[in-house]
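1. Structure of the sequence below:
(one chain, ligands or ions: 1)
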Amino acid sequence: MTDIRLGNGYDVHRFGPGDGCWLCGVKVPHDRALQGHSDADVGMHALTDAIYGALAEGDIGRHFPPSDPQWKGAASHIFLRHAMELARSRGFALANCDVTLVCEYPKVGPHAGAMQAELARIMGVEAGRVSVKATTSERLGFTGREEGIAALATACLVGGTHPL
Ligand code: MG
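-> Below you'll find the model as predicted:
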C-alpha cells in the first residue's frame with residue numbers, strides 16, 4: 001500500500017541592511033536584505049523543513065547545525081537538495097508542495113513564476129508540482145511592520161510502503 005506523508009514548515013527571518021532578499025532561490029531586489037546564518041532564504045527553509053517533517057526527520061537545524069561554521073552563509077539549495085535526497089533514499093517522491101510568503105514588501109507576484117521554476121529545478125520535479133504564493137498580513141504584526149518575512153510550507157510525499 002502506498003504511503004502518503006505530509007509535512008509542514010514555518011520560518012521567519014528579520015530584515016537588515018542590503019540590496020535584496022533571497023526568496024525561494026531568487027534574489028528579489030529590495031532596499032533591505034534578510035539576515036541569518038545562511039543566505040536566509042525563508043521560503044526555501046520552510047519548504048525544506050516541510051520535507052524533513054514529512055519524513056519525521058526533524059528540521060534543518062538537526063541536519064545542518066547553525067553552530068557549525070561551515071554552514072555560515074550557505075546557499076539554501078544545499079539544504080533543500082539534502083531533504084529531497086533523503087526522501088528519495090526512503091523511496092518517496094514529491095507529490096506536491098505549496099509555499100506561502102508573508103510580507104508587505106518586496107512584492108512577490110512578479111517573481112513567483114521564477115521561484116516556482118527554481119524550486120522545481122533544485123528538487124528535480126515538474127514545476128506543476130510546486131506552488132509559490134504570497135500574502136500580506138494587512139500591516140499587522142512583525143510582517144506588517146516590515147520587520148521581517150515569514151514563510152509557511154506544506155509538502156506531500158508519496159511512495160514507500162505502508163505497513164497496513
Ligand atoms: Mg531559516
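2. use CA for all of it now, contacts and neighbours both
-> Fine.
3. Tell me which residue is most central in the chain.
-> M44 (2.2 Å; C-alpha atoms, centre = their mean).
4. Test my guess that that residue contacts V26.
-> No. Using C-alpha atoms under 8 Å as the test, M44 is too far from V26 to be in contact (10.1 Å).
5. which residue sits closest to the residue nearest to the centre of the chain in space, ignoring its chain neighbours?
-> Beyond its immediate neighbours in the sequence, the residue positioned closest to M44 (C-alpha to C-alpha, 6 or more residues apart in numbering) is C24, lying 5.0 Å away.
6. re the thing from before, where does the residue nearest to the centre of the chain fall, helix, sheet strand or coil?
-> With DSSP: H, G, I helix; E, B strand; the rest coil as the basis, M44 sits in helix.
7. Quick one: residues contacting it.
-> Residues touching M44, when contacts are defined by C-alpha atoms under 8 Å, 6 or more residues apart in numbering, comprise L23, C24, G25, S76, H77, L80, L119.
8. can you tell me which two in the residues you listed are farthest apart?
-> Pairwise distances among the contacts of M44 were taken by C-alpha to C-alpha; the largest, 13.1 Å, belongs to L23 and L80.
9. For L164, report the pLDDT, please.
-> We note a pLDDT of 68 for L164 in this prediction.
10. ok, now which ones touch R90?
-> G160.
11. pLDDT at it, what is it?
-> Reading off the confidence values, R90 has pLDDT 95.
12. can you give me the helices in this protein?
-> In the chain, the segments counted as helices under DSSP state H are 42-54, 60-63, 77-89, 112-123, 141-144.
13. Identify whichever of those helices lies nearest to V102.
-> helix 141-144 (6.7 Å).
14. I'd like the average pLDDT over that closest one.
-> Per-residue confidence for helix 141-144 averages out to 96 on the pLDDT scale.
15. Could you list every helix and strand that it packs against?
-> With contacts defined as 3 or more C-alpha pairs under 8 Å, 6 or more residues apart in numbering; DSSP states H and E, helix 141-144 has these neighbours: strand 148-159.
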